[in-house]
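Undergrad: with the input below, show me the fold.
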Amino acid sequence: MMRPTCLLLAGLVAGCGSSGGGSPDAAPLPSGPLTLYGAGPTSADNGIAEACTGTGSGRQVLCVRAGASGDGTAASPLGTITAAIAAARDGDIIQVSGDATYPESVKHGDYDGTCDNGGVALNLSLLGGFADDFGERDAATYPTTVSGDGASAAFIVCVMAGASVIDGFVVATGNTNRGIIASAGGFADEGGTIVVSHNVVRNNQAPGVIDDVTFGAGISVSALAGATAEVSDNHVHDNVSGRGAGILGQAGPTVAEGAVVITRNRVERNTSRGSHGGGMNLVGAVDVSYNVVLDNQLLGELGGGGWGAGFMVDGNSRRPRAVVHHNVVIGNQAASYASGEFYDEDVDATVAFEMISANGCVDDRRSSGVLVDGGNLGDSTVTFRNLTVVGHRCGTAEVGALVVQGGSDAIVEDSVFWDNLGTGDAPLDFGIDDTGTVTVTGTTTQQGYPGADNTTDDPGFVDASGGNYHASAFPDRGAFAPGGLTPEP
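TA: Now for the predicted structure:
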C-alpha cells in the first residue's frame with residue numbers, strides 16, 4: 001500500500017477540490033446532540049478574559065474591534081488583529097470582539113516558509129468571542145470570524161520556545177485557502193507549545209491544484225523536537241484537501257510520545273480527495289482521544305485507493321508509540337476500505353474504548369471498519385482494548401470488520417464485535433488479507449474466533465436502534481465498560 005509523504009508544515013502543497021458521496025450500505029447513525037457519548041467539544045471558548053490595557057509598558061492586553069483605529073483599550077480598540085500583533089510583545093494577550101468578520105491572514109511569528117523565527121520568541125494568546133465593549137466573552141454569542149486575505153491561510157502561527165494559543169474563533173476562508181497552520185519548535189530544537197482550541201473551522205480548502213500529497217485544509221499542526229502541540233475542543237467541518245482535510249497532526253521524527261495531542265474535537269463532513277486519511281491524518285507519536293469523527297469522505301480520486309476515511313495514523317519512519325482512546329467514529333466513507341480507522345506503516349499503537357460504528361462500504365472484498373497495515377517502512381503492531389465495532393454491513397466483504405495486511409499484528413482484548421456482515425450477510429469480524437496475525441481474547445464476537453474467553457453470545461445492547469451500544473450482558477467489554485464512554489448520547 002502507498003505511504004503518504006510526511007511533510008512538515010513548511011512543506012504543505014497547495015490544492016483545491018470537491019465534496020463526495022454517502023455510505024448507503026451502512027447502518028443508521030445514532031442520533032444525539034453535538035456531544036456524543038461524552039466526547040467532542042466541551043465549551044465555546046477557554047474562558048480567559050482580562051481587562052484591556054492597550055499599548056504601554058509591561059504586559060499588554062490588546063483589544064481589537066473591526067473598523068476601530070485606537071490603541072487597544074476597551075474604549076479605543078485596535079482595528080485589526082494584524083495591528084495588534086505588530087504592537088505585541090512576548091506574553092501578551094490579544095482579545096478580539098465578535099459579531100464581525102476579519103478579512104485578514106493572521107501571521108504570528110516570522111513565517112518565511114520554514115517557521116524559523118531566528119531564535120526569538122514571540123508568544124501570544126489570540127482570543128476571539130468578545131462583546132463589542134469587551135465586558136463579556138462568549139464565543140457562541142459573539143462569533144469572531146477570520147476569513148483570511150485569500151492569498152494565505154487565515155492563521156499562520158510559528159512558535160519557538162514559550163507557548164501560544166489560538167482560541168474561540170470561527171475560521172472560514174470560503175474555500176479560498178487553509179484555515180489554521182501552526183507549528184511549534186524550530187530546527188535547532190528550540191521547543192515551544194502551540195494550542196489550537198475552541199474554534200469552529202469550516203469551509204476551508206487547500207488552494208491551487210490538489211494532488212495526492214496536498215495535506216490539510218482545516219487545522220494543520222506540527223511539533224518538532226522538544227515541542228508540543230494541542231488541538232482541542234474544535235468543531236472542524238466541511239473542509240477539502242488531498243489528505244487530512246479536517247485535521248493534520250504531525251509529530252516530528254524525534255518528538256516524545258504524546259507530544260501532539262488531538263482531543264475533544266468534532267470532525268465531520270470533511271472531504272479528502274486523495275488516497276489516505278480523510279477526516280484526520282495523524283503522523284508519529286500522537287495522542288488521540290475523546291474525538292467525535294462523523295461522515296468524513298475519502299474519495300480516492302487522486303493517487304488511487306482510498307484508505308482511512310475517519311482517520312489515519314502513520315508511523316513517521318521510526319515506529320513511535322501512538323495512543324488512541326475514547327473516540328467515536330461513525331458513518332465515514334472510504335473509496336477502498338478502512339472507512340473508520342487506519343493504522344498504516346510502522347505504527348506501534350495502543351487503542352482503547354473506541355466506538356466504531358456504521359462506517360461505509362464499497363464493492364471490495366476487503367471493506368472494513370478498521371485496517372492495520374505494513375509496507376516499505378515496516379509492519380505495524382496495534383493492541384486494541386475495549387472496542388465496540390458494530391453495524392458494518394458490507395455485502396461484498398470476505399475478510400472482516402477489522403483487517404490485517406502486510407505482515408502486521410493486531411491484538412484484540414475485552415471487546416464487542418457485532419452486526420458486521422459480509423457476503424451473504426454472514427458475520428465477519430476479523431480477517432487477514434496477506435500475512436500477519438489477529439489475536440483475540442475476552443471478546444464477544446458474532447463471527448466467533450478462537451481465543452480465551454471469547455463468546456458468540458448476544459451482547460445485549462441497551463438500545464441498538466437508538467445508538468446505545470452498551471453491552472448489558474458483558475458490562476466489562478466494549479467501549480462502554482467502566483472507564484469508557486458515557487452510555488447515553
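
Undergrad: so which strand or helix has the residue in the chain sticking out farthest from the centre?
TA: Residue farthest from the centre of the chain, counting by Cα atoms, centre = their mean, is residue 57 at 39.7 Å. Here residue 57 is covered by no helix or strand, with elements defined by DSSP states H and E.

Undergrad: for residue 126, see how far away it is.
TA: The spacing between residue 57 and residue 126, counted by Cβ to Cβ, to the nearest Å, is 22 Å. For glycine as for every other residue, the C-beta is placed from the backbone atoms N, C-alpha and C.

Undergrad: try residue 437
TA: Distance, residue 437 to residue 126, by Cβ to Cβ: 48 Å.

Undergrad: okay, now the unreliable bits of the stretch 51-200 of the chain?
TA: 110-121, 187 (pLDDT under 70).

Undergrad: for it, which segments count as strands?
TA: 61-64, 93-97, 100-102, 106-108, 125-130, 144-146, 155-159, 163-167, 170-171, 180-184, 192-197, 200-202 (DSSP state E, counting those that start in this stretch).

Undergrad: residue 47: how many residues sit nearby?
TA: 14 (other Cβ atoms under 10 Å).

Undergrad: scratch that, residue 225
TA: Residue crowding around residue 225 was assessed by other Cβ under 10 Å; the count is 18.

Undergrad: does it really touch residue 185, like I thought?
TA: Yes - under the contact definition of Cβ atoms under 8 Å, residue 225 touches residue 185, with a separation of 6.1 Å.

Undergrad: between those two, what contacts are shared?
TA: When Cβ atoms under 8 Å, 6 or more residues apart in numbering defines a contact, the residues bordering residue 225 and residue 185 alike are 191, 252.

Undergrad: first-to-last residue distance for stretch 462-471?
TA: Across its full length, stretch 462-471 reaches 7 Å between end residues, using Cα to Cα, to the nearest Å.

Undergrad: what is the mean pLDDT for that stretch?
TA: Per-residue pLDDT values across stretch 462-471 average out to 86.

Undergrad: now do the buried residues in that stretch.
TA: Applying a neighbour-count criterion of 16 or more other Cβ atoms under 10 Å, the buried positions in stretch 462-471 are 464, 467-471.

Undergrad: let me see the contact set for residue 219.
TA: Contacts here follow Cβ under 8 Å, 6+ apart; on that basis residue 219 touches 179-180, 182, 196, 199, 201, 231, 234, 236, 246-248.

Undergrad: what's across from it in the sheet?
TA: In this structure, residue 219 bridges to residue 180, residue 247 when assessed by DSSP bridges.

Undergrad: so for it, what's the pLDDT?
TA: What the model reports for residue 219 is a pLDDT of 98.

Undergrad: which secondary structure elements does the helix or strand hosting residue 267 contact?
TA: Secondary-structure element containing residue 267, defined by DSSP H and E: strand 266-268. With contacts defined as 3 or more Cβ pairs under 8 Å, 6 or more residues apart in numbering; DSSP states H and E, strand 266-268 has these neighbours: strand 235-237, strand 292-294.

Undergrad: can you give the distance from the following helix or strand past the first one to the centre of its chain?
TA: I take that to be strand 235-237. Counting by DSSP H and E, the next helix or strand C-terminal to strand 235-237 is strand 240-241. Distance, stretch centre to chain centre, for strand 240-241: 14 Å (Cα atoms, centre = their mean, to the nearest Å).

Undergrad: for stretch 386-405, same thing?
TA: Distance, stretch centre to chain centre, for stretch 386-405: 22 Å (Cα atoms, centre = their mean).

Undergrad: residues near the residue nearest to residue 134 when sequence neighbours are not counted, how many?
TA: The shortest distance from residue 134 to any residue other than its chain neighbours is 4.5 Å, reached at residue 74 (Cβ to Cβ, 6 or more residues apart in numbering). Counted by other Cβ under 10 Å, the residues lying close to residue 74 total 21.

Undergrad: distance of residue 74 from residue 390?
TA: If you measure residue 74 against residue 390 using Cβ to Cβ, the figure is 53 Å.

Undergrad: rewinding a little: how close does the residue farthest from the centre of the chain get to residue 76?
TA: 18 Å.

Undergrad: returning to what we had before: residue 264 is nearest to which of the strands of the stretch 51-200 of the chain?
TA: In this view, those are compared for proximity to residue 264 by Cβ to Cβ, and strand 192-197 is the closest at 8.9 Å.

Undergrad: summarise which helices and strands the closest one is packed against.
TA: On a contact count with 3+ Cβ pairs under 8 Å, 6+ apart, strand 192-197 meets strand 155-159, strand 163-167, strand 180-184, strand 219-223, strand 227-232.

Undergrad: residue 311 touches residue 276, doesn't it?
TA: No - between residue 311 and residue 276 there is no contact under Cβ under 8 Å: 10.3 Å.

Undergrad: got any residues that touch both of the two?
TA: residue 342.

Undergrad: okay, stretch 297-315 in CSV with CA atoms only?
TA: Once side chains and other backbone atoms are set aside, the C-alpha atoms of stretch 297-315 remain, and they are given as CSV (Å, rounded to 0.1, in the frame of the first residue of the first chain):
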residue,chain,number,x,y,z
GLN,A,297,-15.3,11.2,2.9
LEU,A,298,-12.1,9.8,1.4
LEU,A,299,-12.8,9.8,-2.4
GLY,A,300,-9.5,8.3,-3.7
GLU,A,301,-9.8,10.4,-6.8
LEU,A,302,-6.0,11.2,-6.6
GLY,A,303,-3.3,8.6,-6.2
GLY,A,304,-5.6,5.6,-6.3
GLY,A,305,-7.0,3.6,-3.4
GLY,A,306,-8.6,5.4,-0.5
TRP,A,307,-7.9,4.1,3.0
GLY,A,308,-8.8,5.6,6.4
ALA,A,309,-11.8,7.9,5.9
GLY,A,310,-12.4,8.6,9.6
PHE,A,311,-8.7,9.0,10.5
MET,A,312,-5.3,7.5,9.7
VAL,A,313,-2.3,7.1,12.0
ASP,A,314,1.1,6.8,10.3
GLY,A,315,4.4,5.8,11.9
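
Undergrad: now residue 343, which residues is it bridged with?
TA: residue 313, residue 372.

Undergrad: need the contact list for it.
TA: By Cβ under 8 Å, 6+ apart, the contact list for residue 343 reads 312-313, 322, 349, 351, 370-373, 380, 382, 408.

Undergrad: again, only this time at 10 Å
TA: Applying Cβ atoms under 10 Å, 6 or more residues apart in numbering to residue 343 gives the contacts 308, 311-315, 322, 324, 349, 351, 370-374, 380-382, 384, 404, 408, 410.

Undergrad: how many neighbours does the residue lying closest to residue 481 once chain neighbours are set aside have?
TA: In this structure, residue 481 finds its nearest non-sequential neighbour in residue 386, 5.2 Å apart by Cβ to Cβ, 6+ apart. Counted by other Cβ under 10 Å, the residues lying close to residue 386 total 28.
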